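Undergrad: Here is my input, please return the structure:
(2 chains)
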Amino acid sequence: MRLKIGLKGAVGFAIMGVIILMALGADVISPFDPLRQGLRDRHAPPELGAFGVAHWLGADHLGRDILSRIIHGARVSILVGIGAVLVSGAIGTVIGIIAGYRGGLTGALLMRLADMKLAMPMILFAIAWIAFFGPGLVSVIIVIGVWGWVPYARYARGMVLSLREALFVQASVAMGATPGDIMVRHIAPNLIGPIIVMATLQLGEAVLLESVLSFLGVGVQPPTPTWGSMVSDGRSYIDTAWWTVTLPGLAITLFVLGANFAGDALRDILDPRSV
Amino acid sequence: MLRLVLARVLQVPVVILAMSLLVFVFLNASGDPAQMLMPIEASPDDLERMRRSLGLDQPLYVQYWNFLVNALQGDFGVSIRSRQPAIDTVLHALPATLELALAAMIVSTAISIPLGIAAAVKRDTPIDTAATVVAVLGQSMPVFWLGILLILVFSVTLHWLPVSGRGSWQALILPAVTLGWYMNALMTRLTRSAMLEVLNEPYIRTARAKGLPGRMIIMRHAFRNARIPIITVWGLQVGAMLTGTVVTETVFSWPGLGRASIHAVLGRDFPVVMASIALFTLIFVIINLIVDLTYYALDPRIRKV
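TA: Next comes the predicted model:
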């Protein structure tokens, strides 16, 4: 297979690569401890200087290094993004496969459930969940994960409906395979590629939602640095310290942009028909 | 047609029931509802009285029924913070949210549809590039960050518009642009692709061949056919708009339902949380219904089904 990802794809994968490396090596590459406060560094403006001495991207209202916090914040974004996408992918694919393979009343009921999920204001679901069960990493992953399962279910169901009639599935039925066997061993593997593409495309949205929840104060809680909460913290000092709000927001935008570009490129590679 | 409309209208109570069940389950799964609905300093006697008045000594299905009956009458209890009926708190905030959402819809529709049409008609020109940039940025930038950037430029640096609050038309501009931004991006992209598709149709070539003026071809022949997918997505965006109000109102201290609900969550004011969820759900469901019915009315092909 010839790989032709194009400029957009290359930019997308490069951004994703840099951010993943940042998250993995956060403790090694950050110039400062992201939680270390310093009264004298309060709102220090960005300056270029020796590594570990100067705040390249400035410091926040507690004198914490913005660059180090952005680097560590990548961890939460990646963790929540991937976690949420796994949750929605798993829920959606399972529901879709069952709805498609069983059809009939079960299928119809499951698809009505999907319609209803679209008819429900999900931000309220998120707010209700966090109000009642409390904020935190796991809450955020669950909320965003449950938020996004419908597209996977729709897609998986459509694929299963056509695969069900395929010769190799018919052959397995003839050989006496159980429905469970067929769903797991024969149908699911055929869905993996497209589902991965979909997951990459949804990754950007998941990261965006995580930043929204963090910004609203109902996401991953301080002192863990997250990009959304950094923007929220910096908001009060917008007239004196612009770097505290603009730079973390830029990180979110770049990540989402990168995920969207990478997802588009991946789709073109894995599914040439959709181009 | 009538059956279709009826089936669609019947969907409304189902969604409302589902949402109420969800809230009820959450309320019960997360601990003692009486404790959640009362201030922290409530005495054991108060809690006991609350438990009895909530009917917590009864079976769960009876409790749900009571909860539902009370909710349908707008009774969600008393706000822990303001000591007023929770429903009053949210109803009081409603007009501000409706005003903001309406302004945002007008702004984004007025920009995105002409921009999308222009981009499709003048494909691969600077206008097309501009439309693509708007679309890509709109879907990558977090709404709250955009709002803050707008404040930084237009309020803090240029002093043209107020930073926050509600009251004058100037104060409405930045929140409306912020809230409409995402919808604007999506609609621009969609209008462009829907128009491009229609412009390739044979009947457009026929219209050109018989010498119709360009403007007439674009508006009467092309756009009329491109508008169905546009309206569908426009309707679906109502949901995204709701998410947006929570964020936008927080950024601009806009005294609406979104800010009230997030304040209630952060302050653990559960009666207000439930009242705002109920009101939001109701608005959402009604707007979706209107959009779907409009959809039936606009496309005669759907009516025949």
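
Undergrad: Quick one: the helices in the stretch 1-150 of chain A, in order.
TA: Applying DSSP state H, counting those that start in this stretch to the stretch 1-150 of chain A gives helices spanning A:6-24, A:26-29, A:66-102, A:104-118, A:122-133, A:137-147, A:150-163.

Undergrad: Of the ones you listed, which is nearest chain B?
TA: Closest approach to chain B among the helices of the stretch 1-150 of chain A (CB to the nearest CB): helix A:122-133, 3.7 Å. In short, each C-beta sits where N, CA and C put it, glycine included.

Undergrad: want to throw the helices of the stretch 1-150 of chain A into TSV with mean pLDDT, mean neighbour count and distance to chain B?
TA: Formatted as TSV, the helices of the stretch 1-150 of chain A follow (pLDDT from 0 to 100; neighbours: other CB atoms under 10 Å in any protein chain shown; distance: least, CB to the nearest CB, whole Å):
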stretch	mean pLDDT	mean neighbour count	distance to chain B
helix A:6-24	90	16	10
helix A:26-29	86	12	21
helix A:66-102	90	22	11
helix A:104-118	74	14	6
helix A:122-133	75	23	4
helix A:137-147	89	21	10
helix A:150-163	85	20	12
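
Undergrad: what helix or strand does the residue of the stretch 151-275 of chain A found nearest chain B sit in?
TA: Nearest residue of the stretch 151-275 of chain A to chain B (CB to the nearest CB) works out as A:Gly249 at 3.4 Å. Secondary structure assigned from DSSP states H and E places A:Gly249 in helix A:243-270.

Undergrad: by contact count, what packs against that helix?
TA: Counting contacts by 3 or more CB pairs under 8 Å, 6 or more residues apart in numbering or on different chains; DSSP states H and E, helix A:243-270 is packed against helix A:6-24, helix A:66-102, helix A:188-216, helix A:227-234, helix B:126-140, helix B:143-150.

Undergrad: quick one: the helices in the stretch 151-300 of chain B?
TA: Using DSSP H, counting those that start in this stretch, helices in the stretch 151-300 of chain B cover B:169-199, B:202-209, B:214-216, B:224-251, B:257-266, B:270-298, B:300-304.

Undergrad: Distance to chain A and mean neighbour count for those - can I get that in a markdown table?
TA: Listed next are the helices of the stretch 151-300 of chain B as a markdown table, based on distance: least, CB to the nearest CB, whole Å; neighbours: other CB atoms under 10 Å in any protein chain shown:
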| stretch | distance to chain A | mean neighbour count |
| --- | --- | --- |
| helix B:169-199 | 10 | 22 |
| helix B:202-209 | 24 | 13 |
| helix B:214-216 | 30 | 10 |
| helix B:224-251 | 4 | 21 |
| helix B:257-266 | 4 | 24 |
| helix B:270-298 | 5 | 20 |
| helix B:300-304 | 16 | 10 |
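
Undergrad: got these as CSV, with mean pLDDT columns?
TA: Converted to CSV, these look like this (pLDDT from 0 to 100):
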stretch, mean pLDDT
helix B:169-199, 88
helix B:202-209, 85
helix B:214-216, 80
helix B:224-251, 78
helix B:257-266, 85
helix B:270-298, 80
helix B:300-304, 63
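
Undergrad: Of all those, which one is nearest A:Ile95?
TA: Set against A:Ile95 and scored by CB to CB, these come closest in helix B:224-251, at 20.2 Å.

Undergrad: Which secondary structure elements does the closest one sit against?
TA: Counting contacts by 3+ CB pairs under 8 Å, 6+ apart, helix B:224-251 is packed against helix A:122-133, helix A:188-216, helix B:86-121, helix B:143-150, helix B:169-199, helix B:257-266, helix B:270-298.

Undergrad: closest one to B:Phe67 among those?
TA: Closest approach to B:Phe67 among the helices and strands packed on helix B:224-251 is made by helix B:270-298 (9.2 Å; CB to CB).

Undergrad: quick one on the thing from earlier: turn the helices of the stretch 1-150 of chain A into JSON lines, including distance to A:Ile192.
TA: Listed next are the helices of the stretch 1-150 of chain A as JSON lines, based on distance: least, CB to CB, whole Å:
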{"stretch": "helix A:6-24", "distance to A:Ile192": "20"}
{"stretch": "helix A:26-29", "distance to A:Ile192": "30"}
{"stretch": "helix A:66-102", "distance to A:Ile192": "9"}
{"stretch": "helix A:104-118", "distance to A:Ile192": "21"}
{"stretch": "helix A:122-133", "distance to A:Ile192": "26"}
{"stretch": "helix A:137-147", "distance to A:Ile192": "18"}
{"stretch": "helix A:150-163", "distance to A:Ile192": "11"}
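
Undergrad: returning to that earlier point: what sits against the residue of the stretch 151-275 of chain A closest to chain B?
TA: Residues in contact with A:Gly249 (CB atoms under 8 Å, 6 or more residues apart in numbering or on different chains) are A:227, A:231, B:141-142, B:145, B:148-149.

Undergrad: wait, what's in contact with B:Met241?
TA: Contacts for B:Met241 (CB under 8 Å, 6+ apart) come out as B:101, B:104-105, B:179, B:183.

Undergrad: Where does the prediction get shaky in the stretch 51-200 of chain B?
TA: B:54-55 (pLDDT under 70).

Undergrad: got the residues of it near chain A?
TA: When proximity is defined as CB under 8 Å from any CB of the partner chain, the stretch 51-200 of chain B approaches chain A at B:136-137, B:139-145, B:148-149, B:151-152, B:156.

Undergrad: Can you give me the distance of the nearest residue to B:Ser164 once chain neighbours are set aside to B:Ala171?
TA: Spatial nearest neighbour of B:Ser164, excluding adjacent residues (CB to CB, 6 or more residues apart in numbering or on different chains): B:Ser253 at 4.0 Å. Applying CB to CB, to the nearest Å, the value for B:Ser253 to B:Ala171 is 10 Å.

Undergrad: what residues do the two have in common as contacts?
TA: Taking CB under 8 Å, 6+ apart as the criterion, B:Ser253 and B:Ala171 both touch B:164-165.

Undergrad: Quick check: end-to-end length of stretch A:56-75?
TA: Separation of the first and last residues of stretch A:56-75 by CA to CA, to the nearest Å is 20 Å.

Undergrad: Same question for the host helix or strand of B:Gln11: list its buried residues.
TA: Here B:Gln11 sits within helix B:2-29, counting by DSSP H and E. Across helix B:2-29, burial judged by 16 or more other CB atoms under 10 Å in any protein chain shown covers B:11, B:15-16, B:18-20, B:22-24, B:26-28.

Undergrad: and the contacts of A:Gly249 as CSV, adding neighbour count and distance to A:Met111?
TA: Putting those into CSV (neighbours: other CB atoms under 10 Å in any protein chain shown; distance: CB to CB, whole Å) gives the following:
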residue, neighbour count, distance to A:Met111
A:Trp227, 28, 36
A:Val231, 26, 38
B:Met141, 22, 34
B:Pro142, 26, 32
B:Trp145, 27, 36
B:Ile148, 25, 40
B:Leu149, 18, 41
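
Undergrad: which ones are touching the spatially most central residue of chain A?
TA: Closest residue to the average C-alpha location of chain A: A:Gly81 at 2.3 Å, with CA atoms, centre = their mean. Taking CB under 8 Å, 6+ apart, we find A:Gly81 in contact with A:203, A:206-207, A:210, A:259.
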